[in-house]
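S.K.: Provided below for reference: sequence and predicted model.
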Amino acid sequence: MTSLPEKTDRKMGLVIDLDTCVGCHACVISCKGWNTENYGEPLSDQEPYGGDPMGTFLNRVHSFEAQPETGPAQLIHFPKSCLHCEDAPCVTVCPTGASYKRVEDGIVLVNETDCMGCGLCAWSCPYGARELDLAAGVMKKCTLCVDRIYNDNLPEEDRIPSCVRTCPAGARHFGDLGDPDSDVSQLVAERGGMDLMPEQGTKPVNKYLPPRPKDTWAEQTDVLAPYLDPVAEEPKGFLGWLDKTLEKL
């Protein structure tokens, strides 16, 4: 079994804005591409063009229709990946020590050479954030692109997770959530960032910014009312006669 560090130097993680995410799946595709070509074993697919396609993804986007207490229903796009929990149960149940949490930045990783694919970590994760790669026979999970964020060979603007770099809506943010003065920590404080399923006691590092209530249709109509008035006057003369004649046909 692997023990968790009592304290980490930093708490690197993601802040995901559910109000901004448009569900385009760009983060899913970029994550699949980067982690297939770089860190660890490739992310495999089984029968990708068959009748029952399956594959390994480290990041998925789920969409739900939510009904707030007031106002119309909203379509919420909910990206989900490993939350790099402070009290990560996936680490403590690992019988080979393959799962571990780094002291220097709090990122939870899997040493694939020690993983035997038993699946205990997947069973213990309350978020369903781990997947068994059927081709490699090892457990896979989000690494926060650890091979990108510390890579001095990349331009500075690229030293962030692939999903964050790719998001066209700017819904994903990356930084040190253990630093109260960091951009991500201030964003969480300003927008009321939340833990996913806090009752599980895992203390996830990643945070979600809740969607803001949308205007009701009545309010939108009031705003647009001046622009909804007809702009064309009743035709007169020959055009008026022609218009009335065509109406009778």
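M.R.: That came through fine. In this text the structure is predicted, and so the values were computed from the model without any measurement.

S.K.: switch to C-alpha atoms for all contacts and neighbour counts from now on
M.R.: Fine.

S.K.: Now do the contacts for the residue nearest in space to the middle of the chain.
M.R.: Nearest to the geometric centre of the chain sits residue 79, at 2.9 Å (CA atoms, centre = their mean). By CA atoms under 8 Å, 6 or more residues apart in numbering, the contact set of residue 79 is 16, 59-62.

S.K.: go with 10 Å
M.R.: For residue 79, the contact set (CA atoms under 10 Å, 6 or more residues apart in numbering) comprises 16-18, 21, 23, 25, 27-28, 59-63, 172, 208.

S.K.: Return the subset of these lying in helices.
M.R.: Among these, the residues falling in helices (DSSP state H) are 27-28.

S.K.: Filter the contacts of residue 79 down to the buried ones.
M.R.: 16-18, 21, 23, 25, 27-28, 59-61, 172, 208 (16 or more other CA atoms under 10 Å).

S.K.: Can you add pLDDT and distance to residue 130 and give those residues back as a markdown table?
M.R.: As requested, the buried ones among the contacts of residue 79 are exported to a markdown table (pLDDT from 0 to 100; distance: CA to CA, whole Å):
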| residue | pLDDT | distance to residue 130 |
| --- | --- | --- |
| 16 | 98 | 19 |
| 17 | 97 | 22 |
| 18 | 96 | 22 |
| 21 | 96 | 22 |
| 23 | 96 | 21 |
| 25 | 97 | 19 |
| 27 | 97 | 17 |
| 28 | 97 | 15 |
| 59 | 96 | 10 |
| 60 | 96 | 11 |
| 61 | 97 | 14 |
| 172 | 98 | 20 |
| 208 | 98 | 19 |
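
S.K.: picking up where we left off before, next up, phi/psi of the residue nearest to the centre of the chain, please.
M.R.: Per-residue torsions, residue 79: phi -70, psi 140 (degrees, to the nearest 10).

S.K.: if I look at it, how far off is residue 154?
M.R.: Computed as CA to CA, to the nearest Å, the residue 79 to residue 154 distance reads 26 Å.

S.K.: Break this protein down into its domains, please.
M.R.: The chain breaks down by automatic domain parsing into domains covering 12-215, 218-248.

S.K.: nearest to residue 6, of those?
M.R.: domain 12-215 (8.7 Å; CA to CA).

S.K.: show me where the chain has strands.
M.R.: 12-17, 45-46, 54-55, 60-66, 74-80, 99-101, 108-110, 131-133, 138-140, 172-176, 207-209 (DSSP state E).

S.K.: Report the angle between the fourth one and strand 74-80.
M.R.: Okay, so that is strand 60-66. Here the directions of strand 60-66 and strand 74-80 differ by 150 degrees (axes from the mean of the first three to the mean of the last three CA atoms, to 10 degrees).

S.K.: List the neighbouring strands of strand 60-66 plus their orientation.
M.R.: strand 74-80 (antiparallel) (DSSP bridges).

S.K.: Where does the prediction get shaky in this structure?
M.R.: 1, 214-233 (pLDDT under 70).
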